[in-house]
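> sequence? don't have it. structure:
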């Protein structure tokens, strides 16, 4: 469902020994995943990829899993995304957010500018689903030449109706 093997390969391509950054998933963060109704496989995935810092994989970062509780308690954007079953798990260099859709476990890229500038809107309106698992997404970003590096490129790559070029005002 989440392709842990591909995630591992993507992380190893940027960091020869990502295991040196492993940090056990703390119980309060595991509890957040359970409370969200995350599948057992998703819980295992986030426990396996729990690091003491953000990790780079391809052109994106992967969040510190041990920040889940803090983000749920304090980060209004994180909570707003979660309200629509989108878990923010990373970001691109320009600030677009990597998401895991908790309804179908597909990876996506969320236009950060629209998400931040239009808080009254459903974040899914600005989500580009990549039609792959989270591990596959990071693997694609690492190993496929020309794979999108942000939501604008993702919209073109996926042939999305919403391309992000409309006026924010």
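Nice, thanks for sending it over. For clarity, every value in this text was computed on a predicted model and none was experimentally measured.
> for the rest of this, base every contact and every neighbour count on C-alpha atoms.
OK.
> show me where the protein has its strands.
With DSSP state E, the ranges of strands along the chain come out as 55-57, 60-62, 86-92, 97-101, 107-110, 127-129.
> list the helices and strands the first one packs on?
In other words, strand 55-57. helix 4-14, strand 60-62, helix 134-143 (3 or more C-alpha pairs under 8 Å, 6 or more residues apart in numbering; DSSP states H and E).
> figure out which of those is closest to residue 159.
For the helices and strands packed on strand 55-57, proximity to residue 159 was assessed by C-alpha to C-alpha; helix 134-143 is nearest, at 16.8 Å.
> tell me what the closest one is packed against?
By 3+ C-alpha pairs under 8 Å, 6+ apart, helix 134-143 packs against helix 4-14, strand 55-57.
> how about 6 Å then?
Contacts defined by 3 or more C-alpha pairs under 6 Å, 6 or more residues apart in numbering; DSSP states H and E place helix 134-143 against helix 4-14.
> number of nearby residues for residue 91?
23 (other C-alpha atoms under 10 Å).
> gap between residue 38 and residue 142?
26 Å (C-alpha to C-alpha, to the nearest Å).
> settle it for me: which of these two has more neighbours?
Each of residue 38 and residue 142 has its neighbours counted (other C-alpha under 10 Å); residue 142 has more, 22 against 16.
> chain neighbours aside, what residue packs nearest to residue 21?
Leaving aside its sequence neighbours, residue 21 sits nearest to residue 51 (C-alpha to C-alpha, 6 or more residues apart in numbering; 5.2 Å).
> need the contact list for residue 132.
Residue 132 makes contact with 106-107, according to C-alpha atoms under 6 Å, 6 or more residues apart in numbering.
> what does residue 72 give?
Per C-alpha under 6 Å, 6+ apart, neighbours of residue 72: residue 79.
> that older thread, with residue 146 as the reference, name the closest of the strands of the chain.
strand 60-62 (13.9 Å).
> other residues contacting the closest one?
54-55, 89-92.
> again, 8 Å this time
With C-alpha atoms under 8 Å, 6 or more residues apart in numbering as the test, strand 60-62 has contacts from 54-56, 89-93, 98, 138, 141, 149.
> please apply the same query to stretch 118-125.
80-81, 84, 110, 115, 162, 168.
> end-to-end on that stretch?
10 Å.
> same check, this time on stretch 129-148
12 Å.
> same question for stretch 25-40.
Stretch 25-40 end-to-end distance (C-alpha to C-alpha) = 14 Å.
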